[in-house]
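K.L.:
Turn this into a model:
(one chain, ligands or ions: 1)
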Amino acid sequence: MSPQTQQSPIIVLDSGLGGLTVVRALRAALPNERIVYFGDTARLPYGSKTAATVATFVRQIIAHLSPLGPKHVVIACNTATALALPEVRKEFPHLAISGVIEPGARAAAEAAGAKHRPRIGVIATEATVNSKAYERAIHRRRSHARLLLRPAPLLVPIIEEGRTAADPLVRLALRQYLQPLIDRGLDVLVLGCTHYPILKEEIKAIVGDSVRVIDSAEQCADDVARRLAERGLLSPAADTDSDDAGSLQCFVTDDPDRFARLGSRFLGMPMEVPTLVSPDDLYTTSGTAPVVRVAG
Ligand code: DGL
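P.N.:
Residues are numbered from 1 along each chain as shown. Prediction:
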């Protein structure tokens, strides 16, 4: 295992395109960092899977990329953070691993201001909502907050399909998911899935100016910057020793061309076609045999 230095990469992982919203925020905050992104596109969505399955996927990805000697691993997926973060931290004690939920919950608690019983809404995948991870993280900071949690399972597939906020189907889905929260009165809304920030402006327009919208991707990037600064591992501003400073290298488990085409929208800039990693190779790296369920 190579030693962790300022030049070591930051690994960012998600089930698909969503974590690129975290990469975008990271690149804005830390433009000199070398980022390695992993999108598990063959096995998306994570949000409708069980904790055991998602933890296996996350463990495999980290095992596959850990030979790169990352100085930090970001689980840029709320679902994977909720279902797998404590477990993989225990399994990879030599790696610094963080997720998206704590930073999002911290920002939501702060945004609620001085109100005694603020109403904090969270939209997320079914798995994230069922995990109660946001409930715990927000209530630890604001025990009187009234939480309104809403699974929004259609949003990840329609975003991965490349539909934009201008699409009537996207607007209809957003309205369906948000209206019940708006009707109960909201002070703060957390975008509890890293796919959702791509629709942030439309979501803001629907909930109105009086509701603070928390982007878990931006909060996550700030949190990573703080953690690296504390450990003295930020990449120096003008790092002439490393050609990789500011680079982004992507891996996906399916359809790299499609990922590059749709991913540039998430990144806000053109991106190179990622390298394909077969899911079979991930099972080999982690030593876990694939489980085949045979019906009948
Ligand atoms: N982007 C992931 C999250 O933040 C969810 C995507 C999925 O369901 O795979 O929860």
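K.L.:
how about residue 123, secondary structure?
P.N.:
With DSSP: H, G, I helix; E, B strand; the rest coil as the basis, residue 123 sits in strand.
K.L.:
Look up the closest residue to it, ignoring the ones flanking it.
P.N.:
residue 152 (4.6 Å; C-beta to C-beta, 6 or more residues apart in numbering). The way it works is simple: take the backbone N, C-alpha and C, and place the C-beta from them, glycine included.
K.L.:
From residue 166, how far off is the one you found?
P.N.:
According to C-beta to C-beta, to the nearest Å, residue 152 and residue 166 sit 19 Å apart.
K.L.:
who has more neighbours, these two?
P.N.:
Of the pair residue 152 and residue 166, residue 152 is the one with more neighbours under other C-beta atoms under 10 Å, namely 24 against 8.
K.L.:
ok, that one touching residue 177?
P.N.:
Yes. Counting by C-beta atoms under 8 Å, residue 152 does reach residue 177; the two are 4.3 Å apart.
K.L.:
Look up the residues that both of these two are in contact with.
P.N.:
Shared contacts of residue 152 and residue 177, defined by C-beta atoms under 8 Å, 6 or more residues apart in numbering, are found at residue 123.
K.L.:
Give me the phi and psi angles of residue 264.
P.N.:
phi -60, psi -30 (degrees, to the nearest 10).
K.L.:
That one: how many residues sit nearby?
P.N.:
14.
K.L.:
residues contacting it?
P.N.:
Contacts of residue 264 by C-beta under 8 Å, 6+ apart are 270, 271.
K.L.:
And for the one 3 residues further on?
P.N.:
Each residue near residue 267 by C-beta under 8 Å, 6+ apart is listed here: 20, 23, 24, 27, 248.
K.L.:
just those residues now: which is nearest the ligand?
P.N.:
residue 20 (9.8 Å; C-beta to the nearest ligand atom).
K.L.:
My guess is the closest one contacts residue 269. True?
P.N.:
No. Between residue 20 and residue 269 there is no contact under C-beta under 8 Å: 10.5 Å.
K.L.:
For those two, indicate the residue with more neighbours.
P.N.:
residue 20 (31 against 11).
K.L.:
Leaving out the residues flanking it, which one is nearest to that one?
P.N.:
Leaving out its chain neighbours, the residue that sits closest to residue 20 by C-beta to C-beta, 6+ apart is residue 266, at 3.7 Å.
K.L.:
contacting residues around stretch 139-155?
P.N.:
47-48, 105-106, 109, 112, 116-126, 128-130, 134-135, 138, 173-174, 177-178, 180-181, 184, 186, 193, 195-196, 199.
K.L.:
And the residue nearest to residue 116 when sequence neighbours are not counted, how far from the ligand?
P.N.:
Spatially, and ignoring its direct neighbours in sequence, residue 116 is nearest to residue 144 (5.8 Å; C-beta to C-beta, 6+ apart). Distance, residue 144 to the ligand, by C-beta to the nearest ligand atom, to the nearest Å: 27 Å.
K.L.:
From residue 124, how far off is residue 144?
P.N.:
With C-beta to C-beta as the criterion, residue 144 and residue 124 are 22 Å apart.
K.L.:
okay, the two: which has more neighbours?
P.N.:
With neighbours defined as other C-beta under 10 Å, residue 144 and residue 124 compare such that residue 124 has more, 29 against 10.
K.L.:
and the closest residue in space to the more buried one that isn't next to it in sequence, what does it touch?
P.N.:
Spatial nearest neighbour of residue 124, chain neighbours left out: residue 192 (3.3 Å); criterion: C-beta to C-beta, 6+ apart. For residue 192, the contacting residues are 78, 101, 104, 122, 123, 124, 125, 128, 129, 134, 216, by C-beta under 8 Å, 6+ apart.
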